[in-house]
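**Student:** Have a look at this fold, sequence not included:
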């Protein structure tokens with residue numbers, strides 16, 4: 001099965017026979033999916049650029065990547081999906097689209113790790129991501145998991 005936690009913090013995990021076999025997470029909470037204020041997957045060259053070209057300190061980069069990135073940094077509006085969905089600004093829509101794109105990308109990778117078995121997909125979405133998860137992420141899959149549904153609670157099931 002694939003389990004997802006989608007909220008201000010976000011991660012996904014492929015589980016086979018009760019054991020985690022792959023995860024969207026990395027060494028720190030910065031890797032993987034974008035979150036409310038954390039960047040998610042990032043080319044390491046970005047850190048070098050910020051240090052060398054922008055002359056940013058380690059502390060400033062830490063603050064940027066942990067507290068000013070993710071949905072907040074992408075949109076320039078908020079880390080809260082409810083505010084982004086209510087906004088008519090292009091930046092809000094683009095941040096939502098990127099969040100859904102990254103979920104779809106991780107879902108595909110984790111499904112591949114399960115080696116073609118039809119994955120069960122279970123998700124918990126916080127209040128600030130529930131609408132987007134229910135309306136975008138699950139319906140967007142359009143593949144072998146197209147039999148998955150997401151009721152208004154944001155929990156997908158088979």
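**Tutor:** Structure received. Remember, predicted model here, so these are calculated numbers, not experimental data.
**Student:** Just give me the residue right at the centre of the protein.
**Tutor:** residue 33 (3.4 Å; Cα atoms, centre = their mean).
**Student:** can you pull the pLDDT of the closest residue to it other than its chain neighbours?
**Tutor:** The shortest distance from residue 33 to any non-neighbouring residue, by Cβ to Cβ, 6 or more residues apart in numbering, is to residue 10 (4.0 Å). C-beta coordinates here come from the backbone N, C-alpha and C atoms, glycine included. pLDDT for residue 10: 92.
**Student:** For this structure, give the strand that spans the most residues.
**Tutor:** Counting by DSSP state E, the longest strand found in the chain is strand 10-16.
**Student:** circling back to that earlier point, settle this for me: the residue nearest to the centre of the chain is touching residue 40, isn't it.
**Tutor:** Yes: in terms of Cβ atoms under 8 Å, residue 33 counts as a neighbour of residue 40; the distance is 5.1 Å.
**Student:** what's across from the residue nearest to residue 33 in the sheet?
**Tutor:** residue 6 (DSSP bridges).
**Student:** any idea how far it lies from residue 17?
**Tutor:** 25 Å (Cβ to Cβ, to the nearest Å).
**Student:** Give me the more crowded residue out of these two.
**Tutor:** residue 10 (28 against 5; other Cβ atoms under 10 Å).
**Student:** Go ahead and confirm that one touches residue 37.
**Tutor:** No: taking Cβ under 8 Å as the definition, residue 10 is not a contact partner of residue 37, at 11.3 Å.
**Student:** show me where pLDDT drops low in the chain?
**Tutor:** 116-119, 121-158 (pLDDT under 70).
**Student:** ok so, going back, OK, contacts around the residue nearest to residue 33?
**Tutor:** For residue 10, the contact set (Cβ atoms under 8 Å, 6 or more residues apart in numbering) comprises 4, 24, 32-35, 40, 103, 129.
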